[in-house]
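**Student:** what's the 3D shape of this:
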Amino acid sequence: MTEIRVLVQLCEELSDDRLLAALGSALDGSGLNVSPVDPGRLRRFARRWLDAKTAELWERARATQTYRIWAETAGPEQVIEADDLATALLRKGVPGEIAAPAAVAMHRDEVARAPVYDVAFSCAERQTEYVQLAVSAVRATGLCVFFEKEMTYEWWGKNFIVEGRRVYGRSARYFVPFFSEEYLSEPRPRDALEWAMSAAVERGDDYILPVVVGDVSVPANLLGPNIGYLRADEHSPEQLAAALRAKVAASRASDVEPRDIGVIVRGVRGSQ
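**Tutor:** Numbering: from 1, shown residues only. The predicted model follows:
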């Protein structure tokens, strides 16, 4: 397995564009019709190929003992290292020249999607003033908060729908939607909620912490009858902040201290 680790180390030194170009070259060497003399086309092909094959590659990797050992010992927000991912792919028949750049690219994607916010807020335009007070109160407790309506300059020139989906789907510890009549009718909040609901399938029911604004009836497919929620008119921004601070503290306390996966995997390899 030393050779694959060397290949991974070489790939880790590459920029994203050069990494994808290397992946495209490896695929071209496998018989795919991509010209290695056209770097621009090569990068575009590699990116499309990786996007199309990611699910298949993850399925292969997760079926290996290497990945299972990592999953059993890793913390909730830990990302598997590229060399262990490449080893898993190699054991599933993926050639090293493809496994190495693919693993590094996949690892970078996972790191980019790892949670960076404690809480992500989502509301309709009409509730902005109240939610902004809640944002300030939560930040005063020391938590890291995402609020889309503050991202004017950060998302300048970017696809704000895609950027929002990335946060609501993966980059927050908790998602807090403020359900109102406007929230249920405006397309942007509904899109955020749909992505958060998809993430909740993997991350658990309490990923979404609903707050109901006013006398609104939330459809059962969005908020089931057994899902607990808070009412905005019964809780001040400071009370919401305190409740969220307790939620995040409990979540952090339950995190498993990650073990040294390199030592564990090496031990398993030595026993094989």
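
**Student:** Residues contacting stretch 215-233, please?
**Tutor:** By CB atoms under 8 Å, 6 or more residues apart in numbering, the list of residues contacting stretch 215-233 from outside reads 127, 130, 178-181, 184, 193, 197, 205, 208-214, 240, 243. Where you see a C-beta, it was placed from the backbone N, CA and C, and this is true even at glycine.

**Student:** What subset of these is buried?
**Tutor:** Among these, those classed as buried by 16 or more other CB atoms under 10 Å are 127, 130, 178-180, 184, 193, 197, 208-213, 240.

**Student:** just for the stretch 151-272 of the chain, where's the confidence low?
**Tutor:** The stretch 151-272 of the chain contains residues with pLDDT under 70 at 204-205, 225, 255-272.

**Student:** In it, mark out all the strands, start to finish.
**Tutor:** Remark: strands assigned in the stretch 151-272 of the chain by DSSP state E, counting those that start in this stretch are 172-179, 211-212, 230-231.

**Student:** Now render these as a markdown table, adding distance to residue 201.
**Tutor:** Compiled in a markdown table, these are given as follows (distance: least, CB to CB, whole Å):
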| stretch | distance to residue 201 |
| --- | --- |
| strand 172-179 | 13 |
| strand 211-212 | 21 |
| strand 230-231 | 23 |
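
**Student:** Looking at those strands, which is nearest to residue 67?
**Tutor:** With respect to residue 67, and counting by CB to CB, the nearest of the strands of the stretch 151-272 of the chain is strand 172-179 at 23.7 Å.

**Student:** Mind listing residues that contact that closest one?
**Tutor:** 115-124, 127, 130-131, 146, 168, 183, 189, 192-193, 196, 199-200, 206-213, 216, 218, 222-223, 229, 232, 244, 247-248, 251.

**Student:** Taking those residues, please make a PyMOL selection of just the buried ones.
**Tutor:** Entered in PyMOL, the line below selects the buried ones among these, by 16+ other CB under 10 Å:
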select buried, resi 115+117+118+119+120+121+122+123+124+127+130+131+146+168+183+189+192+193+196+199+207+208+209+210+211+212+213+218+222+223+232+244+247+248+251
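
**Student:** Can you report phi and psi for the residue lying closest to residue 150 once chain neighbours are set aside?
**Tutor:** Spatial nearest neighbour of residue 150, chain neighbours left out: residue 135 (7.8 Å); criterion: CB to CB, 6 or more residues apart in numbering. Dihedral pair for residue 135: phi -60, psi -50, per degrees, to the nearest 10.

**Student:** burial measure for residue 135, as a count.
**Tutor:** Using other CB atoms under 10 Å, the number of residues around residue 135 comes to 24.

**Student:** pretty sure it contacts residue 149?
**Tutor:** No - with contact defined as CB atoms under 8 Å, residue 135 does not reach residue 149; the gap is 9.1 Å.

**Student:** shared neighbours of these two, anything?
**Tutor:** Joint contacts of residue 135 and residue 149 (CB under 8 Å, 6+ apart) do not exist.

**Student:** If you average the pLDDT over the helix or strand where residue 52 lies, what comes out?
**Tutor:** Following DSSP states H and E, the helix or strand that holds residue 52 is helix 39-62. Taken as a whole, helix 39-62 has a mean pLDDT of 70.

**Student:** ok, then the element right after that helix?
**Tutor:** Downstream of helix 39-62 (by DSSP H and E), the next one is helix 65-73.

**Student:** Report all helices and strands that that next one contacts.
**Tutor:** helix 39-62, helix 82-91, helix 261-271 (3 or more CB pairs under 8 Å, 6 or more residues apart in numbering; DSSP states H and E).
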